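K.L.:
A structural model of the following input is requested.
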Amino acid sequence: MRVGALDGRQPVVGKRAMQQLKAALQPEGLLYIDDCQPISGMDIEV
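P.N.:
Model prediction:
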């Protein structure tokens, strides 16, 4: 997966990546992205 897909640089690719990630997670699953800030989970909204 391209880094730009998750940080907003590639919005079309990002939307597709988020749809695929949401499909791979359990319904209550959270996505964790290490962006050098304190790591926190986020719900995927597509």
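K.L.:
export stretch 5-16 to CSV, keeping only CA atoms.
P.N.:
Coordinates of each C-alpha in stretch 5-16 appear next as CSV, following Å, rounded to 0.1, in the frame of the first residue of the first chain:
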residue,chain,number,x,y,z
ALA,A,5,-3.0,6.5,0.3
LEU,A,6,-3.2,7.0,4.0
ASP,A,7,-1.9,10.5,4.5
GLY,A,8,-4.2,12.3,1.9
ARG,A,9,-1.7,12.7,-0.9
GLN,A,10,-3.5,10.2,-3.0
PRO,A,11,-7.2,10.7,-2.3
VAL,A,12,-8.6,8.3,-4.8
VAL,A,13,-6.2,5.5,-3.8
GLY,A,14,-6.8,6.4,-0.2
LYS,A,15,-10.6,5.9,-0.5
ARG,A,16,-10.1,2.5,-2.1
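K.L.:
for that stretch, buried residues please.
P.N.:
Under the neighbour-count criterion of 16 or more other Cβ atoms under 10 Å, stretch 5-16 has 5-6, 14 buried. In this view, the C-beta of every residue, glycine as well, is placed from N, C-alpha and C.
K.L.:
could you pull up the mean pLDDT of that stretch?
P.N.:
For stretch 5-16, the mean per-residue pLDDT is 86.
K.L.:
swap in stretch 32-46?
P.N.:
70.
K.L.:
longest helix in the chain, by number of residues?
P.N.:
helix 11-24 (DSSP state H).
K.L.:
now that one, how far from the centre of its chain.
P.N.:
7 Å (Cα atoms, centre = their mean, to the nearest Å).
K.L.:
mind checking pLDDT for Gln20?
P.N.:
With respect to pLDDT, Gln20 has a value of 92.
K.L.:
that one: how many residues sit nearby?
P.N.:
14 (other Cβ atoms under 10 Å).
K.L.:
same check on Tyr32?
P.N.:
10.
K.L.:
quick check, central residue of the chain?
P.N.:
Met18 (4.9 Å; Cα atoms, centre = their mean).
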